[in-house]
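S.K.: Generate coordinates for the sequence data below:
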Amino acid sequence: MGEREKERKVRGERVEGRERDEKDGERRERKVRGERKEREKKVREREIDRKVTGERERGKREEREREREKKVREGNREERERRERKVREEGERDEKDRQRREREESVRREREKKTEIIKRKTVCN
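M.R.: Okay, the predicted model is just below:
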């Protein structure tokens, strides 16, 4: 401290200069600390927001995946049902064809029997 500053301090007068600088420095430090705290607080808030948003996005993405899988399963089920129906219809068609052939065969045998009987009768007479 300079000579004048010491005298003023002794008399109780405000010392300009260094004391003011010290006070200004403390204020600046407090201000810097406050700003740093504010920045850190904002960073934490952003991280929390990012985390929440990420979870929200992840939830949406998982929901879309579930929907996609559901559609695939539904499509597979429909395709399987279509194939089963086709096989069943083919089986029914084959069964109808078999029955028709049997009827035709039995009708043909009956006709042959009748013609045979008629031939026998004509030969005998």
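
S.K.: Every contact and neighbour count from this point should use C-alpha atoms.
M.R.: Noted.

S.K.: Output the longest helix belonging to this protein.
M.R.: The residue-count maximum for a helix in the chain (DSSP state H) belongs to helix 18-124.

S.K.: Run the chain-centre distance for it.
M.R.: 11 Å (CA atoms, centre = their mean, to the nearest Å).

S.K.: which sections of this protein are below the confidence cut-off?
M.R.: Residue ranges of the chain with pLDDT under 70: 1, 8-21, 125.

S.K.: what about Ile118, how many neighbours?
M.R.: Number of residues near Ile118 (other CA atoms under 10 Å) recorded here: 12.

S.K.: ugh, wrong one, I meant Arg33
M.R.: Using other CA under 10 Å, Arg33 has 12 neighbouring residues.

S.K.: just Arg58 next, same as before
M.R.: By other CA under 10 Å, neighbour count at Arg58 equals 12.

S.K.: likewise Val87?
M.R.: Neighbour count for Val87, taken as other CA under 10 Å: 12.

S.K.: any idea how far Arg73 is from it?
M.R.: Using CA to CA, to the nearest Å, we find Val87 at a distance of 21 Å from Arg73.

S.K.: before we move on, back to that, tell me which strands and helices the longest helix of the chain is in contact with?
M.R.: Applying 3 or more CA pairs under 8 Å, 6 or more residues apart in numbering; DSSP states H and E, we find helix 18-124 packed against no helix or strand.

S.K.: Which helix or which strand is home to Lys6?
M.R.: Lys6 is located in helix 3-11, with elements delineated by DSSP states H and E.
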